[in-house]
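>>> Make a model of this:
(one chain, ligands or ions: 1)
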Amino acid sequence: MYNSQHLKAIWQWHLDIGTDALVSEKAVDLTKTPVCKFALSNIKHNPLHREAPMKSIPPLSPQSLLNPQAVAQAAQTTVEACQTLEELRNALQAFNGCPLKNTATNLVFGEGNPNADVMLIGEAPGADEDRLGRPFVGLSGQLLDRMFATIGYDRTKFYITNILPWRPPGNRQPTLAETSACLPFVERHIELVNPKVIVLVGGTSAKTLLNRQDGIMRLRGKWLDYQTSRMAAPIKAYAIYHPAYLLRSPGQKRIAWQDLLALKVVLDKMLL
Ligand code: URA
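Here you go, the predicted structure:
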């Protein structure tokens, strides 16, 4: 017999593996999608999806969706047409090249001060962010806010987004196909915010944007250059441990604190 604790554990386990991502108020027969949600990416099976004005290229065909190069090219063409954050948000809403869109509840675009000199870039929304459509609002986001508050920065002084704008089911690690499909959007996001410094929050963000194989242990706490092909000059990039990692490994908070203090010294000099 199961007691209430067993049932709670089973329920939690289902949530952890992402089954909630497959539950929606409108029924969708996923068994009819041999190439998975990719081929059905035009179907907005979640009632919370809003139709966005279509500013970009037409949706990718099912065949193109299976070709990562075609997806990356479509994303690139799309972002090049975007001159404002609003246009970029609308283009992402209309983009069907990343299958995570089909399982997510909301697009998590970005928030904070769009004129800030500092831009934080995390990995991907979690359950709370997906529910609310806002970046870093769950437990790790609250820790991140506290970390930055200690060095005098809050969301009125920085802008914050993620590599992926949609939650991977069950918070699993994003795949290479997912990050490649979304990379042009985050690159354009950086160009449009035009910060002086980007803070790469966690290993996925650091490795993806710096195009490096090294893990976060090697990349953290260093001042590196970041530049897209459309940027006239590089800007500074600084990687830190992800707050979710710090929640799991509190012993690493000491290093994270040192990194934050070092970041503050440079930010204060650079931005004041
Ligand atoms: N973790 C991230 O990397 N981003 C979020 O928005 C939330 C948690």
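>>> Closest approach to the ligand from the stretch 51-200 of the chain, which residue is it?
Gly122 (2.9 Å; Cβ to the nearest ligand atom). Glycine gets a C-beta too; all of them are placed from N, C-alpha and C.
>>> ok, that residue touching Gly202?
Yes. The pair Gly122 / Gly202 is scored as a contact, 6.3 Å apart, by Cβ atoms under 8 Å.
>>> which residues do those two both contact?
Shared contacts of Gly122 and Gly202 (Cβ atoms under 8 Å, 6 or more residues apart in numbering): His242.
>>> Run through the residues of the stretch 101-250 of the chain sitting next to the ligand.
Within the stretch 101-250 of the chain, the positions near the ligand by Cβ under 6 Å from any ligand atom are 122-126, 129, 135-136, 138, 140-141, 162, 244.
>>> Go through those residues and flag which are in strands.
By the criterion of DSSP state E, membership of these in strands covers Gly122, Asn162.
>>> Among the residues of the stretch 101-250 of the chain next to the ligand, which one has the most neighbours?
Pro125 (30 neighbours; other Cβ atoms under 10 Å).
>>> Local confidence estimate at that one?
With respect to pLDDT, Pro125 has a value of 98.
>>> my guess is it contacts Asn162, does it?
Yes. If you go by Cβ under 8 Å, Pro125 and Asn162 touch, sitting 6.3 Å apart.
>>> and for those two, which residues touch both?
Joint contacts of Pro125 and Asn162 (Cβ under 8 Å, 6+ apart) are Val108, Pro135.
>>> Toward the C-terminus, what is the element adjacent to the helix or strand containing Ser64?
Using DSSP states H and E, Ser64 sits in helix 62-65. As assigned by DSSP H and E, the chain's next helix or strand after helix 62-65 is helix 68-80.
>>> Could I have the CA atoms of that next one written out in PDB?
Only the C-alpha atoms of helix 68-80 are listed here, as PDB (Å, rounded to 0.1, in the frame of the first residue of the first chain):
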ATOM      1  CA  PRO A  68      20.300  21.600 -38.100                       C
ATOM      2  CA  GLN A  69      22.100  23.800 -40.700                       C
ATOM      3  CA  ALA A  70      18.800  24.900 -42.300                       C
ATOM      4  CA  VAL A  71      17.500  25.700 -38.800                       C
ATOM      5  CA  ALA A  72      20.600  27.700 -37.900                       C
ATOM      6  CA  GLN A  73      20.400  29.600 -41.200                       C
ATOM      7  CA  ALA A  74      16.700  30.400 -40.700                       C
ATOM      8  CA  ALA A  75      17.400  31.700 -37.200                       C
ATOM      9  CA  GLN A  76      20.300  33.800 -38.500                       C
ATOM     10  CA  THR A  77      18.100  35.300 -41.300                       C
ATOM     11  CA  THR A  78      15.400  35.900 -38.800                       C
ATOM     12  CA  VAL A  79      17.500  37.800 -36.300                       C
ATOM     13  CA  GLU A  80      19.200  39.900 -38.900                       C
END
